[in-house]
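Colleague: Below: sequence and its predicted model.
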Amino acid sequence: MYTQLLPDVVFHTRERDESIGGDNPFKWVRTTTNEVFAGKKVVIFGLPGAFTPTCSNSQLPGYEEMFDDFEALGIDEVWCTSVNDAFVMYQWGQAQGVKNVRLLPDGNGEFADRLGMLVDKSNLGFGKRSWRYAMYVEDLVIKDMWVEDGFMDSCPTDPYEWSAPDAVYKSLRDLKG
């Protein structure tokens with residue numbers, strides 16, 4: 001079991017503000033890891049990119065579909081993070097019809113980097129991206145983490161097993177006994 005603290009970084013997000021008016025009533029909000037996750041039991045999963053095949057066809061929809069199962073285990077929130085900006089994450093959430101999973105843009109890759117999960121995917125034209133992982137966090141403390149095999153820069157494959165929602169759910173169910 002882990003006891004590592006989540007890295008405290010600043011996330012650059014967009015928040016709806018009807019007082020702005022117009023077609024794009026959003027304002028920039030800078031929020032920290034502590035502001036987002038303190039005092040909560042959360043599952044956070046990181047993935048290489050919005051609109052990419054495994055992320056869009058399996059991982060995000062799987063967590064969305066299993067949200068109630070995670071909630072039944074006492075999880076307060078499920079978060080998805082990716083090294084994408086706030087605009088991309090917002091549009092991806094809209095395209096996916098996400099209602100329960102919260103999307104957190106890590107546009108500069110600082111969160112992934114400080115977790116040790118930032119890799120170079122330049123071989124695919126992606127640049128620096130998050131490795132695929134999931135973790136269970138209680139009040140900013142990482143209690144368990146599932147990292148896909150093969151962690152390396154320019155990985156020729158895209159492993160997806162340990163961070164899949166059903167695998168994480170089974171591990172958490174066993175952990176909570």
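Modeller: Alright, I've got the coordinates.
Colleague: so what's Phe11 closest to, chain neighbours aside?
Modeller: Thr31 (5.3 Å; Cβ to Cβ, 6 or more residues apart in numbering). In this view, the C-beta of every residue, glycine as well, is placed from N, C-alpha and C.
Colleague: List the strands paired with the one helix or strand the one you found maps to, with their directions.
Modeller: Mapping Thr31 onto the secondary structure by DSSP states H and E places it in strand 26-32. Paired neighbours of strand 26-32 in the sheet (DSSP bridges): strand 10-16 (antiparallel).
Colleague: list the buried ones in the strand it pairs with?
Modeller: Residues Phe11, Thr13, Arg14 are the ones in strand 10-16 that count as buried (16 or more other Cβ atoms under 10 Å).
Colleague: try stretch 37-49
Modeller: Within stretch 37-49, the residues that count as buried by 16+ other Cβ under 10 Å are Phe37, Lys41, Val42, Val43, Ile44, Phe45, Gly46, Leu47, Pro48, Gly49.
Colleague: can you redo these as CSV with pLDDT, distance to Ser82 and secondary structure?
Modeller: Below are the buried residues of stretch 37-49 laid out as CSV (pLDDT from 0 to 100; distance: Cβ to Cβ, whole Å; DSSP: H, G, I helix; E, B strand; the rest coil):
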residue, pLDDT, distance to Ser82, secondary structure
Phe37, 98, 17, helix
Lys41, 98, 22, strand
Val42, 98, 16, strand
Val43, 98, 15, strand
Ile44, 98, 11, strand
Phe45, 98, 9, strand
Gly46, 98, 7, strand
Leu47, 97, 5, strand
Pro48, 96, 7, coil
Gly49, 94, 6, coil
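Colleague: of all those, which two lie farthest apart?
Modeller: Of all pairs drawn from those, the greatest distance, 26.9 Å, lies between Lys41 and Gly49 (Cβ to Cβ).
Colleague: I'd say Val98 and Glu64 touch.
Modeller: Yes: applying Cβ atoms under 8 Å as the test, Val98 and Glu64 come out as touching, 5.6 Å apart.
Colleague: Can you tell me which of the buried residues of strand 10-16 lies closest to Ser154?
Modeller: Distances from Ser154 to these, taken as Cβ to Cβ, are shortest for Phe11 (26.9 Å).
Colleague: tell me the contacts of the closest one?
Modeller: Phe11 makes contact with Arg30, Thr31, Thr32, Thr33, Val36, Leu104, Pro105, Asp106, Phe111, according to Cβ atoms under 8 Å, 6 or more residues apart in numbering.
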